[in-house]
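Visitor: quick one: sequence and predicted model below, then my questions.
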Amino acid sequence: MIIYKCRFTGDEMMSDAFKPRPVKDESGEEIPGLFEVESQKVNKDGGAVDIGCGNEFGGGGDDMDDPGAEIVNNVIDETIGFGFQEVPMGKKDMKDFLAGFCKNLRTKLKDDESVPGPEVKAFTQAAPTFCKWLLGKYDDLQFFTSPSMDPDGSMAFAYYTGIDPIFVFIKAGLLEEKC
């Protein structure tokens with residue numbers, strides 16, 4: 001398993017268990033420098049395990065219909081997810097955040113001996129494209145910080161195409177840690 005941690009704070013931001021995939025624009029072109037994951041609402045208590053037979057053997061109905069079940073988002077929740085905190089952000093605030101974050105991240109990447117020069121160059125070339133895409137989706141986004149709520153740390157950006165949000169991350173802002 002791979003855990004993605006904020007390059008600045010060390011906070012856990014995501015796991016490969018959520019099956020990260022490239023972000024694509026409206027025309028289906030991949031946005032370089034970003035990845036996204038789908039989230040879902042789950043029963044925080046875990047409940048029964050569905051073995052694929054539905055309700056054939058009894059045992060009650062769907063967890064979502066259980067009035068006693070605590071239903072949470074599996075990415076946001078602090079117990080089973082990553083403890084993200086939603087923060088308000090105006091469009092100017094987002095522009096300022098992205099400008100400062102990308103500048104600080106480029107410096108951090110250049111200073112990290114384990115990051116080869118071509119990766120730094122790839123980030124520098126991708127940044128204008130992914131910043132433009134994020135700013136273009138501003139009206140559709142929610143903004144989340146990691147549990148430490150460090151304003152200089154990585155953020156998660158969420159948008160909806162259905163009931164549950166899709167979370168977007170800036171790849172270079174995260175360190176991959178195998179566990």
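Guide: Everything's here; your move.
Visitor: run through the chain and note the low-pLDDT ranges.
Guide: Within the chain, the stretches with pLDDT under 70 are 46-68.
Visitor: got a list of contacts for the strand ranked longest in it?
Guide: For the chain, the strand that runs over the most residues, judged by DSSP state E, is strand 30-38. Applying C-beta atoms under 8 Å, 6 or more residues apart in numbering, the contact partners of strand 30-38 are 14, 18-25, 75, 122-123, 125-127, 129-130, 133-134, 164, 166-172. Glycine gets a C-beta too; all of them are placed from N, C-alpha and C.
Visitor: filter those to the buried ones?
Guide: 14, 18, 20, 23, 75, 122-123, 126-127, 129-130, 133-134, 164, 166-172 (16 or more other C-beta atoms under 10 Å).
Visitor: ok, back up a step: give the next helix or strand downstream of the longest strand of the chain.
Guide: strand 41-43 (DSSP states H and E).
Visitor: tell me the buried residues in the helix or strand following that following strand?
Guide: Remark: after strand 41-43, the chain's next helix or strand is strand 71-73, criterion DSSP H and E. Neighbour-count burial for strand 71-73, counted by 16+ other C-beta under 10 Å, picks out Val72, Asn73.
Visitor: for strand 71-73, which strands pair with it and how are they oriented?
Guide: strand 41-43 (antiparallel) (DSSP bridges).
Visitor: re the thing from before, in helices, which of the buried ones among the contacts of strand 30-38 appear?
Guide: Ala122, Phe123, Ala126, Ala127, Thr129, Phe130, Trp133, Leu134 (DSSP state H).
Visitor: possible to save those residues as CSV with distance to Phe143?
Guide: As requested, those are exported to CSV (distance: C-beta to C-beta, whole Å):
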residue, distance to Phe143
Ala122, 25
Phe123, 21
Ala126, 20
Ala127, 18
Thr129, 20
Phe130, 15
Trp133, 15
Leu134, 10
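Visitor: just name the closest of those residues to Val42, please.
Guide: Nearest to Val42, judged by C-beta to C-beta, of these is Leu134 at 27.1 Å.
Visitor: doesn't Leu98 make contact with that closest one?
Guide: Yes. Under the criterion of C-beta atoms under 8 Å, Leu134 makes contact with Leu98 at 6.7 Å.
Visitor: quick one: residues contacting the residue lying closest to Lys178 once chain neighbours are set aside.
Guide: What sits nearest to Lys178 in space, not counting adjacent residues and going by C-beta to C-beta, 6 or more residues apart in numbering, is Ile2, at 5.7 Å. The neighbours of Ile2, taking C-beta under 8 Å, 6+ apart as the test, are Ser15, Asp16, Glu176, Glu177, Lys178, Cys179.
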